[in-house]
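Colleague: Sharing a model prediction with you, sequence too.
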Amino acid sequence: MDNNYTLDLSSLSKELRLLLEILKTEDYDSVGLVKKELYIDIDWGEFLQLAMHHRVYPIIYSKMKKTENRIPQHVIQTLYKEFKKNTFKMLLLSGEMEQVSELFTKNQVRILYLKGPVIAADIYGDISLRTSKDLDILISITDFKKAEELLLSIGYEKEVVSDVLNVWKLRNHHVVYFHPQKNIQLEIHWRLQPPPLKEPKFNELWERKRVSTLTGYPVYFLGKEDLLLYLISHGARHGWFRLRWLIDIDQMLSKGLELEDINELVSKYQNHKLVGQALILASELLKTHMNEGWGKLTEGNGSKKIAQNALEFIKGTESLPTTKYYKDYSLSIKSNPQRFQKRIYSFLILFYPTSKDTKTLSLPKPLHFLYFLLRPCLVFWRKTRKSR
């Protein structure tokens, strides 16, 4: 790491500082001995809120349950309650993950899990130590229709999306499905990240896939280098506003992943700045141990600046950054070629129809192609009506 650079952490609350100190303490038995001054005048309600917001309460509970005196009993009890709920949720998702995997495989649809219990088991060795709201799967776009039919056949319902000339495939990178009886949400991805960012093709990811031993039926997920870069890109895109994502990176790097294993992919997909940001944040906030050589990816002002900017998202829910700050941040994490691609893509996508166009003027499906011609007039009409 670049030892001449440190993040300005002065704006972090004392509750967040304590949370980070506990997270980076490797020896569970030493958590109660963590810097005594950090426990003074803690707002334990705020502490719990941060633990929930950052989705790190399973790890916090597993470390704090052995401590005495310094942690109020009601805090431990609240963490235990949430820890237990999460464990049951992860077991439920594990069963669904295996069922969906078997259904897709038997119907010749290749599927890779991006997140969920399979990732928790791989990174932490224990599904109870990581939270997951839903299941995220990646498929080839050519299999999308068949995959959707399979999910609908077992009770899933699709979120409402605009179906005008299938433009949703260009504007998005996933679709959400929900099973009302099981209360499970599942996302089908056909890209790892929103367009137009350059990323590996599905076949390339499939060749580097791994198989999980978590379930009886084979469940496939990303190779370790692809998973690391995916988690970094995902965390960076969202400003690392959940510390859980950064802890994922901490855990993966602590297992000894070599720079040589990932260097080629970083260069090919222009991820240098994002990887540098993740390394700086992990090193500064969690004291992540990493092998020599990783510091090269933190060099240059780009990674350092966006690492500092991400702290505004990490601080918590009380003072969320403005929309303008998020837009500026989103632009700053892209390389110059990526910024150019985004501008061109954003310009071209303006000419594609949206659901608003269909609401402004309803046309029969055979005539949907006319929305391309009518879109400027429809946009103008909506703006005129809005200004009245």
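Modeller: Looks like it came in fine.

Colleague: CA atoms for contacts and neighbours, from now on please.
Modeller: Fine.

Colleague: Identify the residues contacting Phe351.
Modeller: By Cα atoms under 8 Å, 6 or more residues apart in numbering, Phe351 lies in contact with Phe372, Arg375, Pro376.

Colleague: Buried ones only from these, please, as a PyMOL command.
Modeller: Buried members of the contacts of Phe351, defined by 16 or more other Cα atoms under 10 Å, are picked up in PyMOL with:
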select buried, resi 375
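
Colleague: what's the lowest-pLDDT member of the contacts of Phe351?
Modeller: When the contacts of Phe351 are compared by pLDDT, Phe372 scores lowest at 76.

Colleague: and that residue, that's in a helix?
Modeller: Yes - applying DSSP: H, G, I helix; E, B strand; the rest coil, one finds Phe372 inside a helix.

Colleague: a markdown table please, covering the contacts of Phe351 and showing distance to Ile262.
Modeller: What follows is the contacts of Phe351, written out as a markdown table (distance: Cα to Cα, whole Å):
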| residue | distance to Ile262 |
| --- | --- |
| Phe372 | 42 |
| Arg375 | 44 |
| Pro376 | 45 |
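
Colleague: ok, now which ones touch Pro376?
Modeller: Taking Cα under 8 Å, 6+ apart, one finds Phe351 in contact with Pro376.

Colleague: what helix or strand is it on?
Modeller: Using DSSP states H and E, Pro376 maps to helix 370-387.

Colleague: What residues sit buried inside that helix?
Modeller: Tyr371, Arg375, Leu378.

Colleague: residues near the spatially closest residue to the first one that is not a sequence neighbour, how many?
Modeller: In this case it means Tyr371. Counting by Cα to Cα, 6 or more residues apart in numbering, Tyr371 lies nearest to Pro353, which is 5.9 Å off, once chain neighbours are set aside. Neighbour count of Pro353, defined by other Cα atoms under 10 Å: 27.

Colleague: can you check Ser10 too?
Modeller: Neighbour number of Ser10 under other Cα under 10 Å is 8.

Colleague: measure stretch 172-190 end to end?
Modeller: This stretch, stretch 172-190, spans 9 Å end to end (Cα to Cα, to the nearest Å).

Colleague: What of stretch 98-118?
Modeller: End-to-end distance of stretch 98-118 (Cα to Cα): 10 Å.

Colleague: which ones are touching Glu204?
Modeller: By Cα under 8 Å, 6+ apart, Glu204 lies in contact with nothing.

Colleague: Residue numbering should commence at 78 henceforth.
Modeller: Sure, I'll start numbering at 78, so the last one becomes Glu281.

Colleague: That one and Glu225, how far apart?
Modeller: Glu281 is 23 Å from Glu225, by Cα to Cα.

Colleague: buried set for the helix or strand hosting Leu227?
Modeller: For Leu227, the element it lies in under DSSP H and E is helix 221-230. Of the residues in helix 221-230, Phe221, Ala224, Glu225, Leu227, Leu228 count as buried by neighbour count, 16+ other Cα under 10 Å.

Colleague: ok now the helix holding Pro453, how far from the chain's centre?
Modeller: Counting by Cα atoms, centre = their mean, to the nearest Å, helix 447-464 is centred 35 Å from the centre of its parent chain.

Colleague: Name the next helix or strand following the helix ranked longest in the chain along the chain.
Modeller: When the chain is parsed with DSSP state H, its longest helix is helix 150-183. Where DSSP H and E defines the elements, the next helix or strand beyond helix 150-183 is strand 189-190.

Colleague: Count the residues that sit near Asp211.
Modeller: A count of nearby residues for Asp211, using other Cα under 10 Å, gives 20.

Colleague: Quick check: the gap between Leu427 and Arg132.
Modeller: Remark: distance between Leu427 and Arg132 (Cα to Cα) = 36 Å.

Colleague: Neighbour count: those two, which is higher?
Modeller: Higher neighbour count among Leu427 and Arg132: Arg132, with 19 against 12, using other Cα under 10 Å.

Colleague: returning to that earlier point: which among the buried residues of helix 221-230 gets closest to Met141?
Modeller: Set against Met141, the nearest of those by Cα to Cα is Leu228 (40.3 Å).

Colleague: Quick one: end-to-end length of stretch 440-455, please.
Modeller: End-to-end for stretch 440-455, by Cα to Cα: 13 Å.

Colleague: now swap in stretch 286-299 and tell me
Modeller: For stretch 286-299, the end-to-end distance is 5 Å (Cα to Cα).

Colleague: could you give the mean pLDDT of the host helix or strand of Leu388?
Modeller: Leu388 is part of helix 378-391 when elements are defined by DSSP H and E. Taken as a whole, helix 378-391 has a mean pLDDT of 91.

Colleague: what is the orientation angle of the helix or strand following it with helix 378-391?
Modeller: As assigned by DSSP H and E, the chain's next helix or strand after helix 378-391 is helix 400-409. Angle between the axes of helix 400-409 and helix 378-391 is 150 degrees (criterion: axes from the mean of the first three to the mean of the last three Cα atoms, to 10 degrees).

Colleague: buried sites along helix 400-409?
Modeller: Tyr403, Tyr406, Ser407, Ser409.

Colleague: Run a quick neighbour tally on Ala313.
Modeller: 24.

Colleague: for it, what are its contacts?
Modeller: Here Ala313 is in contact with Leu351, Gln354, Ala355, Ile410 (Cα under 8 Å, 6+ apart).

Colleague: now these as JSON lines including secondary structure and neighbour count?
Modeller: Below are these laid out as JSON lines (DSSP: H, G, I helix; E, B strand; the rest coil; neighbours: other Cα atoms under 10 Å):
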{"residue": "Leu351", "secondary structure": "helix", "neighbour count": "27"}
{"residue": "Gln354", "secondary structure": "helix", "neighbour count": "27"}
{"residue": "Ala355", "secondary structure": "helix", "neighbour count": "28"}
{"residue": "Ile410", "secondary structure": "coil", "neighbour count": "23"}
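
Colleague: Thanks again, I'm all set now.
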